[in-house]
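Novice: pasting the sequence and the predicted model now:
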Amino acid sequence: MGLGEHVGERILEGALPSSLRAEQRGEVAVLTLARPEKRNALNDDTILGIEAFFLSLPAAVKAAVVAAEGDNFSAGLDLSDIAERSTVDGVAHSMMWHRAFERIEFGRVPVVSVLKGAVVGGGLELACATHIRVAERSAYYALPEGQRGIFVGGGASVRVPRLIGVARMADMMLTGRVHDAESGYALGLSQYLVGPGEGLAKALDLAARIAANAPITNFAVVHALPRIAEADPRQGFMMESLMAAIAQGSDDAKDRLRAFLDKRAKKVTEF
Ligand code: 1HE
């Protein structure tokens, strides 16, 4: 659970670039992309700010939400940043995105994103590093890298095929295909589809539910589940058994199981 990770005392605010806003709502930290005039295009400062935010979440934070100001989640890489970059700098730049987004995917808490309008290029890469995606009906997904003469560099080759498969990602890159929110939901790009303006409330509700889970369960889902799913099944089953035994042995699990048997806990149908 963020082994060796710095745990902040309070949420980063002043230390973030103007393209990001951070706030804490109870046990949920909310990071908002705040450069709507540029469709939340992601420049280096923003990527480093995202990394800093997830590296220093206060101990009281149990879940996070990534949202956006304006009508769009993100138009991806800030294209004004890329023009003069050398090959060596290009590798370093892509690795910086990978590092920052790994702080989300393998950070201390589960992360929910709120998608609307453009979720394209690096914006889709950012969304795919979060664990739960809530899409408003205005959301649309594209990987225009193919048309811009470049390649994805923020982790899409790894994370997008996990959600929709290599063939569909290849289609998006080769033909410029755009998926609307309904299509994205059907394919698995988002787990939730909500009406206009409803995304943040839904995401906060989901984050509050996540925050109420036992920390060991959230740890297992964020850190163990994706590794188990990609492991050789024989290794995977063993990792699952070990993780199950660790979780079962926790005081949290004992309390929660006892509460159910004593009829003090909600039934599945009452959550
Ligand atoms: C930008 C960017 C950007 C908008 N970098 N400035 N991403 C793309 O190829 C998507 C490029 N953007 C678009 O296709 C459109 O902007 C949108 C369809 C997303 C939105 O259209 P619209 O009509 O709402 O806005 P707009 O008028 O195009 O843009 C408003 C402003 O934002 C404008 O600047 P202004 O100073 O003229 O007002 C745009 O230039 C600016 N803007 N998108 C920079 N992306 C780690 S590798 C990841 C690789 C990628 O992500 S490649 C995909 C890049």
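Specialist: Everything's here; your move.
Novice: CA only for contacts and neighbour counts going forward, please
Specialist: OK.
Novice: how about stretch 216-223: buried residues?
Specialist: 216, 217, 218, 219, 220, 221, 222, 223 (16 or more other Cα atoms under 10 Å).
Novice: burial of residue 232, as a residue count?
Specialist: Residue 232 sits with 10 neighbouring residues when counted by other Cα atoms under 10 Å.
Novice: now do the same for it: its pLDDT.
Specialist: Residue 232 carries a pLDDT value of 98.
Novice: now stretch 89-109: buried residues?
Specialist: Here stretch 89-109 shows 93, 96-109 as buried, counting by 16+ other Cα under 10 Å.
Novice: ok now it, how far from the chain's centre?
Specialist: 12 Å (Cα atoms, centre = their mean, to the nearest Å).
Novice: that stretch vs the ligand: in contact?
Specialist: Yes - judged by Cα under 6 Å from any ligand atom, stretch 89-109 comes into contact with the ligand through residue 94.
Novice: got the contact list for the longest helix along the chain?
Specialist: Using DSSP state H, we find that the single longest helix of the chain is helix 87-105. Here helix 87-105 makes contact (Cα atoms under 8 Å, 6 or more residues apart in numbering) with 47-48, 50-51, 54-55, 110-111, 126, 129-131, 153-155, 222.
Novice: okay, now residue 255: neighbour count?
Specialist: Neighbour number of residue 255 under other Cα under 10 Å is 10.
Novice: in a helix, it, correct?
Specialist: Yes - the assignment for residue 255 (DSSP: H, G, I helix; E, B strand; the rest coil) places it in a helix.
Novice: quick one: it from the ligand, how far?
Specialist: Residue 255 sits at a distance of 44 Å from the ligand (criterion: Cα to the nearest ligand atom, to the nearest Å).
Novice: enumerate the residues of the protein near the ligand.
Specialist: 37-39, 41, 75-80, 94, 118, 121-122, 144-145, 152-154.
Novice: helix, strand or coil for residue 67?
Specialist: Of the three states, residue 67 takes strand under three-state DSSP.
Novice: residues contacting the closest residue to residue 130 other than its chain neighbours?
Specialist: Spatial nearest neighbour of residue 130, chain neighbours left out: residue 111 (5.2 Å); criterion: Cα to Cα, 6 or more residues apart in numbering. By Cα under 8 Å, 6+ apart, residue 111 lies in contact with 63, 64, 65, 66, 104, 105, 130, 131, 132, 207.
Novice: residue 239 sits in which helix or strand?
Specialist: Applying DSSP states H and E as the criterion places residue 239 in helix 233-248.
Novice: circling back to that earlier point, could you point out which element follows the longest helix of the chain?
Specialist: Taking DSSP H and E, what comes next after helix 87-105 is strand 111-115.
Novice: the buried residues of stretch 216-223 in helices, which ones?
Specialist: Those of these lying in helices (DSSP H): 216, 217, 218, 219.
Novice: now the longest helix of the chain against strand 111-115, angle please.
Specialist: 110 degrees (axes from the mean of the first three to the mean of the last three Cα atoms, to 10 degrees).
Novice: helix 87-105: how far from the chain's middle?
Specialist: In terms of Cα atoms, centre = their mean, the centre of helix 87-105 is set 15 Å apart from its chain centre.
Novice: of the buried residues of stretch 89-109, closest to the ligand?
Specialist: residue 97 (6.2 Å; Cα to the nearest ligand atom).
Novice: distance check, the closest one against residue 211.
Specialist: Distance from residue 97 to residue 211, counting by Cα to Cα, to the nearest Å: 27 Å.
Novice: now do residue 205
Specialist: Taking Cα to Cα, one finds residue 205 at 10 Å from residue 211.
Novice: one more: residue 266?
Specialist: 16 Å.
Novice: and residue 245, how many neighbours does it have?
Specialist: The burial count for residue 245: 11, using other Cα under 10 Å.
Novice: return the longest helix of the chain as CSV; C-alpha atoms alone will do.
Specialist: Coordinates of each C-alpha in helix 87-105 appear next as CSV, following Å, rounded to 0.1, in the frame of the first residue of the first chain:
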residue,chain,number,x,y,z
THR,A,87,14.2,11.2,-29.9
VAL,A,88,16.1,10.9,-26.6
ASP,A,89,13.9,13.6,-25.0
GLY,A,90,10.8,11.8,-26.4
VAL,A,91,11.7,8.6,-24.6
ALA,A,92,12.2,10.5,-21.3
HIS,A,93,8.9,12.4,-21.8
SER,A,94,6.9,9.2,-22.4
MET,A,95,8.6,7.6,-19.3
MET,A,96,7.6,10.6,-17.3
TRP,A,97,4.0,10.0,-18.2
HIS,A,98,4.3,6.3,-17.4
ARG,A,99,5.8,7.1,-14.0
ALA,A,100,3.0,9.7,-13.2
PHE,A,101,0.2,7.4,-14.3
GLU,A,102,1.6,4.5,-12.3
ARG,A,103,1.2,6.6,-9.3
ILE,A,104,-2.5,6.5,-10.1
GLU,A,105,-2.9,2.8,-11.1
